[in-house]
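Participant: Provided below for reference: sequence and predicted model.
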Amino acid sequence: MEALPVFVSLRSNFYERSSSRQVSGCTRLTLLFVLIFNLSRCSSALRVIGGNITEVQGETVVLPCKLIDTTETLTQISWQRMTRGKPQNDNFYTITSQNGPQFVNGRDDRFQIIGNFSDKNGSIQLSNVTLLDEGVYTCIFTLFPSGNHETKIPLNLLVPPVTSLSHNHAVLGNEEVSLATCTAAGSRPPAEVRWLTGTLAEKVRATDSSTQHSNGTTTTVSSLFGVPTKEINQHVVQCVVTNPALSKEETMSFTIQVYFSPMGVYIGEKSKDSFRCVTEANPSANFTWRRPGHSFPQPGVRVEGATLQFLSMSSDLNGLYQCEASNLYGKDSGYLYVHMTSGFLLDTPYGGACSACWALFSLLLIAIVAAAAVWYLYKSGKLTRMPGGTREEMQKVRKTSSGSEEPQRVEEEVEEEADETAVAVQETQRSR
């Protein structure tokens, strides 16, 4: 009867020891579960903030990387890259609290840490960025005890175009030619090129072409076409280039140039003793004065560019003078006949335009020259009176501005002007 309590007591002690072990195991499992839960909660709560960066080539870019919402211990910040210049994933930069920033696999001083390790800020700066730097950068934070946490930062580059505007040497004609070329070279993305032509919108047209390069950039060329006429010469047009890499659109102005040789040479009176040679040409003409059959210049005459000035009223200066206008595209000439008598200067421009005030005098002088020519031909036997009428063998003097005149014939025909006409000429000169 006494053994039963002993048996019960032993059994009770066994159960107590077993229960104690079970409680201890449950406690350890609970603690492990709580630890894992807390770590999981901490890991899911922290964040690594980066970004998607777009920058212009040649500028300085910031690659942001910051760890937030964690109290774990930071042991290291690492940077990796996979770029055009480094197509394989490459570790290139580390930061620790003990050693600070250090380059890995080669030094590149364009990189600089701008964050703070203590603030869990691993942001870096890259200066003078190029297309070879374009790619994906990875920022990695190593924490204890949770391990590595990272973010990827794509870097995209814009490349501004190199712009230029050139003109083509369009010569006066009737066929359509290229007048100007506007180029936006090596841009990314491709540049947009357009023309502002104003009143020439119906007379010119633009054609565009583009070439893509292996580095991802594009060159865009726009040509302006039109018929090279005097009507469009000297008109101003503009080439406008736009691109996201430019802070503002780029505008280049251009004056259309149509080149042509001198067209018509006109000799007009500049003052009472000087005359000026005028023509229309592009580029501007150079003027050369000559006196056919005589050395020139000579005493009593001064030549300054297009101007011919008589310094004295000597009859030695009587005769024909030629003004030649020339440029790279051709030449043309005009003529001036000068006759001085009793201190008066009389002139007749050939191939030139007389001013209105000379109209009356010119008519009178032509009549005098014609009379002198008839008299000269009659005296020389070239003019003969025949039965039934009169036959005249005389040459007409061409009064045009072409370069093929016969200046000697003009001079010979008027040099025979008789002295008896001097009085009439003087009277005309006084009436001017």
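Facilitator: Happy to help now that I have it. Numbers count the residues shown, from 1 in each chain.

Participant: What count of nearby residues applies to the closest residue in space to P189 that isn't next to it in sequence?
Facilitator: Setting aside the residues directly before and after it, P189 is nearest to P244 in space (Cβ to Cβ, 6 or more residues apart in numbering), at 6.6 Å. C-betas here are computed from N, CA, C, even on glycine. Neighbour count of P244, defined by other Cβ atoms under 10 Å: 14.

Participant: How about the secondary structure of P244?
Facilitator: At P244, secondary structure determined by DSSP: H, G, I helix; E, B strand; the rest coil is coil.

Participant: A367 now?
Facilitator: Following three-state DSSP, the label given to A367 is helix.

Participant: And the pLDDT at it?
Facilitator: Per-residue confidence (pLDDT) for A367: 72.

Participant: Give me the domain ranges for this structure.
Facilitator: Per the record, the chain has its domains at 47-158, 162-259, 265-431, by automatic domain parsing.

Participant: avg pLDDT for the shortest one?
Facilitator: Averaging the model's pLDDT scores along domain 162-259 yields 96.

Participant: and what of stretch 337-350?
Facilitator: In this model, stretch 337-350 has an average pLDDT of 66.

Participant: again, but for stretch 77-86
Facilitator: Mean per-residue pLDDT for stretch 77-86: 95.

Participant: List the contacts of that stretch.
Facilitator: 65, 88-96, 115, 117, 122, 124, 131-142, 155 (Cβ atoms under 8 Å, 6 or more residues apart in numbering).

Participant: circling back to that earlier point, and the residue nearest to P189, how far from E55?
Facilitator: Here P244 is placed at a distance of 11 Å from E55 (Cβ to Cβ, to the nearest Å).

Participant: Find residues that contact each of the two.
Facilitator: Residues touching both P244 and E55 (Cβ under 8 Å, 6+ apart) are L158.

Participant: Quick one: residues contacting G100.
Facilitator: Neighbour list for G100: F117 [criterion: Cβ under 8 Å, 6+ apart].

Participant: So what does it look like in phi/psi?
Facilitator: Note on G100: its backbone torsions stand at phi 70, psi -160 [degrees, to the nearest 10].

Participant: and if you look at A371?
Facilitator: The phi and psi values for A371, taken as degrees, to the nearest 10, are phi -60, psi -40.

Participant: got a pLDDT number for it?
Facilitator: At A371, the pLDDT value in this model is 74.

Participant: And it, how close does it get to Y137?
Facilitator: 101 Å.

Participant: Between these two, tell me which one has more neighbours.
Facilitator: Counted by other Cβ under 10 Å, A371 and Y137 do not tie: Y137 has more neighbours, with 23 against 13.

Participant: Mind listing the residues bridging to that one?
Facilitator: Listed beta-bridge partners, Y137: R81, I153 (assigned using DSSP bridges).

Participant: quick one: contacts for it?
Facilitator: Counting by Cβ under 8 Å, 6+ apart, Y137 has contacts 63, 79-81, 152-155.

Participant: In ChimeraX, how would I select just the buried ones from the residues you listed?
Facilitator: The command below creates a ChimeraX selection of those among the contacts of Y137 that count as buried (16 or more other Cβ atoms under 10 Å):
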select :63,79,80,81,153,155
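
Participant: tell me the two of the contacts of Y137 that are most distant?
Facilitator: Spatially, the most separated pair among the contacts of Y137 is W79 and P154, at 14.3 Å (Cβ to Cβ).

Participant: burial count for the nearest residue to N89 once chain neighbours are set aside?
Facilitator: Distance criterion Cβ to Cβ, 6+ apart; nearest residue to N89, sequence neighbours excluded, is M82 at 5.0 Å. Residue crowding around M82 was assessed by other Cβ under 10 Å; the count is 14.

Participant: and the gap between M82 and L157?
Facilitator: When distance is defined by Cβ to Cβ, M82 is 15 Å away from L157.

Participant: What helix or strand is E59 located in?
Facilitator: Here E59 sits in a region with no helix or strand, counting by DSSP states H and E.

Participant: shaky segments in the stretch 251-400 of the chain?
Facilitator: Scanning the stretch 251-400 of the chain for pLDDT under 70 picks out the ranges 342-365, 373-400.

Participant: Can you add distance to L200 and give the contacts of Y137 back as CSV?
Facilitator: Formatted as CSV, the contacts of Y137 follow (distance: Cβ to Cβ, whole Å):
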residue, distance to L200
L63, 50
W79, 56
Q80, 57
R81, 52
K152, 53
I153, 50
P154, 46
L155, 44
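
Participant: closest to L336 among the contacts of Y137?
Facilitator: Proximity of the contacts of Y137 to L336 was ranked by Cβ to Cβ; the top entry is L155 with 75.7 Å.

Participant: hang on, isn't L328 packed against P283?
Facilitator: Yes. At 7.0 Å, L328 counts as touching P283 under the criterion of Cβ atoms under 8 Å.

Participant: Between these two, which contacts overlap?
Facilitator: Among the neighbours of L328, those also in contact with P283 (Cβ under 8 Å, 6+ apart) are Y259.

Participant: in the chain, which spans are helices?
Facilitator: Assigned by DSSP state H, the chain shows helices spanning 3-45, 359-380, 407-415, 422-431.

Participant: before we move on, back to that, what values do phi and psi take at the residue nearest to P189?
Facilitator: Torsion angles, degrees, to the nearest 10, at P244: phi -60, psi -20.

Participant: on that earlier part again, from the contacts of stretch 77-86, which land in strands?
Facilitator: Judged by DSSP state E, strands contain the following of the contacts of stretch 77-86: 90-96, 124, 135-142, 155.

Participant: I'd like to know which of those are buried.
Facilitator: For these, buried by 16+ other Cβ under 10 Å: 90, 92-95, 124, 135, 137-142, 155.

Participant: burial count for Q234?
Facilitator: A total of 11 residues lie near Q234 under the criterion other Cβ under 10 Å.

Participant: Wait, it touches Y259, no?
Facilitator: No. Using Cβ under 8 Å, Q234 is not in contact with Y259; the gap is 11.6 Å.

Participant: Thanks a lot, catch you later.
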